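> Task: produce atomic coordinates for the following.
(chains A and B)
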Amino acid sequence: MKTNRIVITGMGLTAPNGGNPSEFRANILSGIVRFQIIELRYIGKVIAGVCSFNPSKYQNKKEVRAGTRAGSIGIYCAQEALVDSMIEVNESNKSRIGTYIGITEHGNVETENEIANIANYNYDVRFWNHYHNPRTVANNPAGEITVNTGITGPHYCIGAACAAGNMGIIQGAQQLLLGEVDIAIAGGVSESIHTFGIFAGFKSQNALAWHEDANKASRPFDIGRNGIVVSEGGAAFILERLSDAKKRNARIYAEIAGWANNSDGTSYVLPNPERQAECMALAIKNSGISPEDISLINTHATATKAGDIQECEAVRKVFSAAKKHPFVNNTKGFIGHAMGAAGALELAANIPSFSDGIIHPCHNIDKLDPECELPGLLAGEKAIRSPSEIKFILNNSFGMLGINSSLIVKKFDE
Amino acid sequence: MTREQIAQVVKDIINDILPDGDCSNINPEQKLREQLELDSMDFLDIVMEIRKRYRVEIPEPDYPRLATLNSCVDYLEPKLKDK
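Numbers count the residues shown, from 1 in each chain, chains lettered A, B, ... in the order given. Got it, this is the predicted structure:
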């Protein structure tokens, strides 16, 4: 599948419980969750994951005003990742950097805001903001990153529902393998908590979480789970070919071992465990390994009744015959469902296991749903192993219209 | 509104729109774009803000009349005199 090796040399992120990788990791290992009850037009109070990064760190006030929340999240994550990787955008490299950002959706927030704005003027469209189109084009957050950084290589967004975070990373790796770019800024972002429509849509599906204690609302695999906590956030990775990373003595977090993505071909919304299992199995095959080589599966696990059970069924199909079972966890109990950012943020949450040997558990499982029982599932306590034992992490991200992605990252070894 | 009030309104709007800094000490006779980091999109924002605040419509052929602070005041004075 691959003729060259792709490695991760930088990470930047913002999550509801952390504004950089180390704070994020520390809070996950300490069980710190920071959901809020926010109020949105029409729907009222909802539980959401809100990020507290400062957009002014990398944007002037005009950029913040003219752009979108997704753009600000993307810029923050990309700039933090560039700093982390010690890559400076300059005349000699700016045309060889590609920007590939996964999004679940884009434009709902801006369109809702403009309609609310012109409602103040009796729906007179002369008051419609002239920035509406650049704010809502489907390349928006990726494009804002290039405007902000001066990067002149290719940029676009990968629209992939809630598989988008993984798909952004996969796209970056693919473009590096094709030789289209030398550096990829790849990941996913979400601004979805600013649109009432996303919440209302989940509510209409009986899939929107509620709990008197907001921090207990996101509870994948728990018998009492009642739906999704929508979060904003983002994560960007710097990807390079190993040969380039070595030339500049870059710090290497992990290697991209392989991936797969496929389509259920069956439903607008309902998952299909057969296809999810095929996706995981294909990613394992494409990585040149066997199921028993996987050390950890980060499940997509959104805390919907159907989604959690069917993903567990898919995991059983792939791993039931394995001589050694991987650990299984999920991350949404800590951060909610960060939509287009979910796959990328959850990968960032787990990559440190390669160096610290700690596998974070699921969060908020008071009583495990028996249908989510899996060998190796960390339902309560973290696992601590020698870092050398953590070799491959399989990261699942699935989305509506039956889009499945499984990304496998490998502990870097010369 | 007096000329001074109109000038202050224009400066307040520009300050909201500028990428950074402020325009308190600009030369009222010199072109705004020679002194400030403003592009044509920013002028659309200025026009929109005047429309929103005072329901004053500025047709595109009149945009050149907003070139300097003083020309803005000259142009807006009759439109804002009763506001």
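
> Distance of the nearest residue to residue A:43 once chain neighbours are set aside relative to chain B?
Once flanking residues are discounted, residue A:43 sits nearest to residue A:196: 4.7 Å by C-beta to C-beta, 6 or more residues apart in numbering or on different chains. Quick note: C-beta positions are derived from backbone N, CA and C, even for glycine. Relative to chain B, residue A:196 is positioned 24 Å away (C-beta to the nearest C-beta, to the nearest Å).

> And for residue A:232?
25 Å.

> Pull the number of nearby residues for that residue.
When neighbours are counted by other C-beta atoms under 10 Å in any protein chain shown, residue A:232 registers 26.

> and the residue of chain A found nearest chain B, what helix or strand is that in?
Using C-beta to the nearest C-beta, the closest approach of chain A to chain B is made by residue A:62 at 3.8 Å. Assigned by DSSP states H and E, residue A:62 belongs to helix A:61-66.

> Export the following helix or strand past that helix to PDB, keeping only CA atoms.
Downstream of helix A:61-66, the first helix or strand assigned by DSSP H and E is helix A:69-85. Extracted C-alpha coordinates of helix A:69-85, given in PDB (Å, rounded to 0.1, in the frame of the first residue of the first chain):
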ATOM      1  CA  ARG A  69     -15.300  29.800  14.400                       C
ATOM      2  CA  ALA A  70     -14.100  26.800  12.500                       C
ATOM      3  CA  GLY A  71     -11.500  28.900  10.800                       C
ATOM      4  CA  SER A  72     -10.300  30.200  14.200                       C
ATOM      5  CA  ILE A  73     -10.100  26.700  15.600                       C
ATOM      6  CA  GLY A  74      -8.300  25.500  12.500                       C
ATOM      7  CA  ILE A  75      -5.800  28.400  12.600                       C
ATOM      8  CA  TYR A  76      -5.100  27.900  16.300                       C
ATOM      9  CA  CYS A  77      -4.500  24.100  15.800                       C
ATOM     10  CA  ALA A  78      -2.400  24.500  12.700                       C
ATOM     11  CA  GLN A  79      -0.200  27.200  14.200                       C
ATOM     12  CA  GLU A  80       0.300  25.300  17.400                       C
ATOM     13  CA  ALA A  81       1.200  22.100  15.400                       C
ATOM     14  CA  LEU A  82       3.700  24.100  13.300                       C
ATOM     15  CA  VAL A  83       5.300  25.500  16.400                       C
ATOM     16  CA  ASP A  84       5.300  22.000  18.000                       C
ATOM     17  CA  SER A  85       7.000  20.600  14.900                       C
END
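
> Could you list the residues of chain A in contact with chain B?
A:60, A:61, A:62, A:63, A:65, A:66, A:121, A:126, A:127, A:129, A:130, A:131 (C-beta under 8 Å from any C-beta of the partner chain).

> coming back round to it: isn't the residue nearest to residue A:43 right next to residue A:41, touching?
Yes. Counting by C-beta atoms under 8 Å, residue A:196 touches residue A:41, with 5.5 Å between them.

> which strands and helices sit next to the lowest-mean-pLDDT helix or strand in chain A?
Lowest by mean pLDDT, DSSP states H and E among the helices and strands of chain A is helix A:61-66, with a mean of 95. Helix A:61-66 sits against helix A:69-85, helix A:140-149, with contacts defined as 3 or more C-beta pairs under 8 Å, 6 or more residues apart in numbering or on different chains; DSSP states H and E.

> residue of chain B with the smallest distance to chain A?
For chain B, C-beta to the nearest C-beta, closest residue to chain A: residue B:19, 3.8 Å.

> which non-adjacent residue is nearest that residue?
residue A:62 is the one closest to residue B:19 (C-beta to C-beta, 6+ apart), at 3.8 Å.

> Would you mind giving the secondary structure of residue A:314?
helix (DSSP: H, G, I helix; E, B strand; the rest coil).

> correction: residue A:153
Following three-state DSSP, we place residue A:153 in the coil state.

> what's near enough to touch the residue of chain A closest to chain B?
B:17, B:18, B:19, B:20, B:42 (C-beta atoms under 8 Å, 6 or more residues apart in numbering or on different chains).

> Please look at the first one and residue B:48 and confirm they touch.
Read it as residue B:17. No. Applying C-beta under 8 Å, one finds residue B:17 not in contact with residue B:48, separated by 9.8 Å.

> ok, those two, which is more surrounded?
Shown here are residue B:17 and residue B:48; by other C-beta under 10 Å, residue B:17 has more neighbours (22 against 19).

> the helices in chain A, which residues?
A:21-29, A:61-66, A:69-85, A:108-119, A:132-136, A:140-149, A:164-178, A:196-204, A:242-247, A:273-286, A:305-319, A:332-335, A:342-350, A:353-356 (DSSP state H).

> in chain B, what spans have low per-residue confidence?
The model of chain B has no residue with pLDDT under 70.

> tell me which parts of chain B are close to chain A?
Counting by C-beta under 8 Å from any C-beta, chain B sits next to chain A at B:17, B:18, B:19, B:20, B:41, B:42, B:44, B:45, B:48, B:51, B:52, B:57.

> run the last query once more with 7 Å
Residues of chain B found near chain A (C-beta under 7 Å from any C-beta of the partner chain) are B:17, B:18, B:19, B:20, B:41, B:44, B:51, B:52.

> Can you flag the buried ones in these?
Buried subset of the residues of chain B next to chain A (neighbour count, 16 or more other C-beta atoms under 10 Å in any protein chain shown): B:17, B:18, B:19, B:44, B:51.
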